[in-house]
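Asks: From the sequence below, what's the structure:
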Amino acid sequence: MNKKRLLPDDRKHEILTAAIKVAARPGGWAKLTREAVAREAECADGLISKYFGTMTNFRRAIMRAAIAGKELSVIAQGLADGDSCAQKATESLKRKALATLRG
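Replies: Numbering: from 1, shown residues only. This next block holds a predicted model:
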């Protein structure tokens, strides 16, 4: 983990990008951990706790980012898992996301 020091907002964005990558893997949302995201983001898992607090808050931030970025596989997994943030996506986005589970 020999990454260049980034500004907090840039590091947060990098962590969320890594988290979406991890969550997009088959079964990734259900198995999502700070440690897996930290490995992908090449940072300490304590940094994730510092920026996002609880795992619940971290998952909310990930799902909001997934919705904003239209990351259908993550949204679909969230919907299948009953995630309340995923439920707040537009109907159109939810339909597109769920279609990825069928196809």
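
Asks: Count residues in the vicinity of A65, would you?
Replies: Residues contacting A65 under the criterion other Cβ atoms under 10 Å number 19. Backbone N, C-alpha and C define where each C-beta goes, glycine included.

Asks: which SSE is it in?
Replies: helix 55-68 (DSSP states H and E).

Asks: Give me the packing partners of the helix or strand that that helix is followed by, helices and strands only.
Replies: Counting by DSSP H and E, the next helix or strand C-terminal to helix 55-68 is helix 72-80. If you count contacts as 3 or more Cβ pairs under 8 Å, 6 or more residues apart in numbering; DSSP states H and E, helix 72-80 packs onto helix 8-24, helix 55-68, helix 84-87, helix 91-102.

Asks: Tell me which of those lies nearest to E35.
Replies: Distances from E35 to each of the helices and strands packed on helix 72-80 were compared using Cβ to Cβ; the shortest belongs to helix 8-24, at 10.0 Å.

Asks: Please give me every residue in contact with the residue positioned nearest the centre of the chain.
Replies: Here the mean C-alpha position of the chain is nearest to the C-alpha of I62 (Cα atoms, centre = their mean), at a distance of 3.2 Å. Residues in contact with I62, defined by Cβ atoms under 8 Å, 6 or more residues apart in numbering, are L16, A19, I20, A23, L32, V74.

Asks: Which pair of those residues spans the longest distance?
Replies: With Cβ to Cβ as the measure, no two of these lie farther apart than L16 and L32, at 12.2 Å.

Asks: neighbour count winner among those two?
Replies: Using other Cβ under 10 Å as the criterion, L16 and L32 rank with L16 on top: 23 against 20.

Asks: Excluding chain neighbours, what is closest to the more buried one?
Replies: Spatial nearest neighbour of L16, chain neighbours left out: A65 (4.6 Å); criterion: Cβ to Cβ, 6 or more residues apart in numbering.

Asks: what comes into contact with the helix or strand of the chain with the lowest mean pLDDT?
Replies: Comparing every helix and strand of the chain by mean pLDDT, DSSP states H and E singles out helix 91-102 as the least confident one, with a mean of 93. Counting by Cβ under 8 Å, 6+ apart, helix 91-102 makes contact with I67, K70, L72, S73, I75, A76, L79, A80, A86, Q87, A89, all of which sit outside it.
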